[in-house]
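Participant: fold the following.
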Amino acid sequence: MDGDRRRWRQCVLAGAVFAVCMAGTTLPTPLYGLYQEKFGFSELVVTVVYAVYAFGVIGVLLLAGNASDAVGRRPVLLAGLGFAAASAVCFLCADAMGWLYAGRLLSGLSAGLFTGAATAYVMELSPGDGSSRATLVATAANMGGLGCGPLLAGILAQYAPRPLQLPFVVHLALVAVSAAVLLRLPETVRERRPLSTVRPQRPALPSGVRAVFGPAAIAAFVGFALFGVFTSVSPAFLAESLDVHNRAVSGLVVALAFFASTAGQLAVGRVGVGRSLPLGCAGLLAGLALLAGALWWDQLSLVVLSALVGGAGQGLAFRGALSAVAAASPADRRAAVISTLFVVAYTGISVPVIGVGLLTGPMGLEGAGLVFIACMAVLVATAGVYLLRRPVPAS
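Facilitator: Below you'll find the model as predicted:
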């Protein structure tokens, strides 16, 4: 009993470290307006700065996504914390645009290292019969951490001095505490190999998984694209169209989407994988419709509802997609297939977001947002109809 209690404590501490790292990746979200005032750049540049993060994540997933299997969980997670600290330093030193690009790239590298390694670490630290609760810890740490980032930064930027420095000073302190905690946790990889044995992972799709992967990947792509737009341009929309200049409110709206995603992911256990994907697609479609209404009628309440409904749909769809793809994959190719799904998902928070930025100039923020919504609605509706006609196995 004491051993189980100790292992649960270690599991929760690892989850807290996971949350701290992920919070850093969304910390700049409510601050982009201040950077625009400071450097005088357009909405397109905001979306490109945001998308650089996704390129960093994709690069790590492809080049070193399996590094922690070889060298151990703790060295990889410590490296991820190092990149998170370097990212915070870049934002603290930012006196030109180059610092923002560097900060976002380093943040992407930290998230890429943490996404797989920290999830595995949390699962491995839990007692042998606690996989379900460990999944809850990992899910809450990942999405909850992403939600806490904009909320923390928005509150500090609105109600504390030095809004472009204090959030990153606080995060640096949290990273330092996390590193100290991590050094006291045990390593879970018993047979470690040199870093030189790590090889890049190519995206791979065995023939048997393609029928499941297509609609699952589309749902993941749309869900992450919705999050990408929320975290990159929603603060600007709130300020310009709704006259909401309180950065704490902007941070809260973005945070709600991530918190709702956590709830959606947790609901998969009750809903079942077979139903979670089409239900997630329906939630995403409803969230997109609410966002379209918010853009058309300039209604803050619809923005909040869009964050809640779309976030829950994203959580259902993504965890359902991950479970369906993993179940359909052969054991010896499963890691490569899951990495391919993550590459598609993170492409969703880069390419469509940059597209919105490109359209903002000639069409305005509302017009660009409506075009984005129309494209994503067609994709997710197609995936939803396919899943209703050819549902994934319930297992």
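
Participant: ok, and for stretch 310-321, which residues are buried?
Facilitator: Buried residues in stretch 310-321, counted by 16 or more other Cβ atoms under 10 Å: G310, G311, A312, G313, Q314, G315, L316, A317, F318, R319, G320, A321. Quick note: C-beta positions are derived from backbone N, CA and C, even for glycine.

Participant: right, and the helix or strand after the helix or strand containing F318?
Facilitator: Per DSSP states H and E, F318 falls inside helix 300-328. Sequence order places helix 334-347 as the next helix or strand after helix 300-328, per DSSP H and E.

Participant: which strands and helices lie in contact with the helix or strand that that following helix is followed by?
Facilitator: Remark: after helix 334-347, the chain's next helix or strand is helix 351-389, criterion DSSP H and E. Helices and strands touching helix 351-389, by 3 or more Cβ pairs under 8 Å, 6 or more residues apart in numbering; DSSP states H and E, are helix 43-64, helix 210-240, helix 273-297.

Participant: so who does A220 touch?
Facilitator: By Cβ atoms under 8 Å, 6 or more residues apart in numbering, the residues touching A220 are A317, F318, A321, L322, L341, V344, A345, G348.

Participant: from those residues, which is closest to A217?
Facilitator: Within the contacts of A220, proximity to A217 (Cβ to Cβ) peaks at V344, which comes in at 4.5 Å.

Participant: from H245, how far off is the closest one?
Facilitator: Distance of V344 to H245, computed by Cβ to Cβ, to the nearest Å: 36 Å.

Participant: just V45 next, same as before
Facilitator: 20 Å.

Participant: pull the helix or strand with minimum mean pLDDT from this protein.
Facilitator: Lowest by mean pLDDT, DSSP states H and E among the helices and strands of the chain is helix 334-347, with a mean of 80.

Participant: tell me what it is packed against?
Facilitator: Using 3+ Cβ pairs under 8 Å, 6+ apart, helix 334-347 sits against helix 43-64, helix 210-240, helix 300-328.

Participant: now the last one: how far from the chain's centre is it?
Facilitator: What separates the centre of helix 300-328 from the centre of its chain is 12 Å, taken as Cα atoms, centre = their mean, to the nearest Å.

Participant: compute the inter-axis angle for it and helix 210-240.
Facilitator: 160 degrees (axes from the mean of the first three to the mean of the last three Cα atoms, to 10 degrees).

Participant: now the buried residues of stretch 310-321 in JSON lines, with pLDDT and distance to R199?
Facilitator: Shown next, in JSON lines, are these (pLDDT from 0 to 100; distance: Cβ to Cβ, whole Å):
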{"residue": "G310", "pLDDT": "95", "distance to R199": "37"}
{"residue": "G311", "pLDDT": "96", "distance to R199": "36"}
{"residue": "A312", "pLDDT": "96", "distance to R199": "38"}
{"residue": "G313", "pLDDT": "95", "distance to R199": "36"}
{"residue": "Q314", "pLDDT": "94", "distance to R199": "32"}
{"residue": "G315", "pLDDT": "93", "distance to R199": "32"}
{"residue": "L316", "pLDDT": "93", "distance to R199": "34"}
{"residue": "A317", "pLDDT": "91", "distance to R199": "31"}
{"residue": "F318", "pLDDT": "88", "distance to R199": "27"}
{"residue": "R319", "pLDDT": "85", "distance to R199": "28"}
{"residue": "G320", "pLDDT": "86", "distance to R199": "30"}
{"residue": "A321", "pLDDT": "86", "distance to R199": "26"}
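
Participant: now these in JSON lines, with distance to G264?
Facilitator: Below are the buried residues of stretch 310-321 laid out as JSON lines (distance: Cβ to Cβ, whole Å):
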{"residue": "G310", "distance to G264": "10"}
{"residue": "G311", "distance to G264": "7"}
{"residue": "A312", "distance to G264": "4"}
{"residue": "G313", "distance to G264": "7"}
{"residue": "Q314", "distance to G264": "7"}
{"residue": "G315", "distance to G264": "2"}
{"residue": "L316", "distance to G264": "4"}
{"residue": "A317", "distance to G264": "8"}
{"residue": "F318", "distance to G264": "8"}
{"residue": "R319", "distance to G264": "7"}
{"residue": "G320", "distance to G264": "9"}
{"residue": "A321", "distance to G264": "12"}
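
Participant: tell me which of these is nearest to A157?
Facilitator: Looking across those and measuring by Cβ to Cβ, the closest to A157 is G311, at 22.3 Å.

Participant: which residue packs closest to the closest one, ignoring adjacent ones?
Facilitator: A260 (3.0 Å; Cβ to Cβ, 6 or more residues apart in numbering).

Participant: what does T197 give?
Facilitator: Closest residue to T197 apart from its sequence neighbours, by Cβ to Cβ, 6+ apart: A70 at 5.3 Å.

Participant: same check, this time on S323
Facilitator: Nearest non-adjacent residue to S323 (Cβ to Cβ, 6+ apart): V273, at 4.5 Å.

Participant: tell me the confidence at M1?
Facilitator: M1 is assigned 54 on the pLDDT scale.

Participant: oh sorry, the question was meant for A220
Facilitator: 90.
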